[in-house]
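Peer 1: Provided below are the primary sequence and the corresponding predicted coordinates.
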Amino acid sequence: MADEGLVPWRQLALGMAMPEAGSAKRFNTGDWRGKRYPVTDRDKCIKCGLCWITCPDMAYLPDESAEGYYKWDSYYCKGCGICIAECPKQAIEWREEKEEDKYGPACGS
Ligand code: SF4
Ligand code: SF4
């Protein structure tokens, strides 16, 4: 097999594996986002927390400066739209994102 330039399976790098605990935190999943990002209208928000619970990248976290609300993190949001689909009050909408704004908005509200 080595003569054919193939690598034995035992020498292949593991796929989909986190090499150490907490290493997913370092992935800039926000870099995958396209040309739009989710924005929350807090006047419609009922503070249910579904955006926080369902976001696969923990891009929403409790907002310490506004109890019950959730703040959005552009570094981790990959723009999948799950939060928009799951919000029971349609409080989250897409907003167009220009390249120069890519990491600009600190909070989607
Ligand atoms: S899912 Fe919608 S209503 Fe619930 S906390 Fe998030 S933005 Fe507010
Ligand atoms: S679009 Fe919503 S659910 Fe998807 S990664 Fe961004 S904040 Fe999370």
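Peer 2: On my side now, so go ahead. Ligands and ions are numbered 1, 2, ... in the order given.
Peer 1: Quick check: residue 24 is in a helix.
Peer 2: Yes - counting by DSSP: H, G, I helix; E, B strand; the rest coil, residue 24 is part of a helix.
Peer 1: surely it meets residue 18?
Peer 2: Yes - between residue 24 and residue 18 there is a contact under CB atoms under 8 Å: 5.8 Å. C-beta here means a position set from N, CA and C on the backbone, and glycine is covered the same way.
Peer 1: Contact residues of this protein facing ligand 2?
Peer 2: Residues of the chain found near ligand 2 (CB under 6 Å from any ligand atom) are 38, 55, 57, 59-60, 72, 77-83.
Peer 1: List the ones among the residues you listed that fall in helices.
Peer 2: 82, 83 (DSSP state H).
Peer 1: Make a ChimeraX selection of the buried ones in the residues of the chain next to ligand 2.
Peer 2: This is the ChimeraX syntax for the buried subset of those, where burial follows 16 or more other CB atoms under 10 Å:
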select :38,55,57,59,60,72,77,78,79,80,82,83
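Peer 1: Next, residue 32: phi, psi?
Peer 2: Phi and psi for residue 32, reported as degrees, to the nearest 10, are phi -80, psi -10.
Peer 1: Residue 75 is in contact with that one, correct?
Peer 2: No - the pair residue 32 / residue 75 is not scored as a contact, 11.4 Å apart, by CB under 8 Å.
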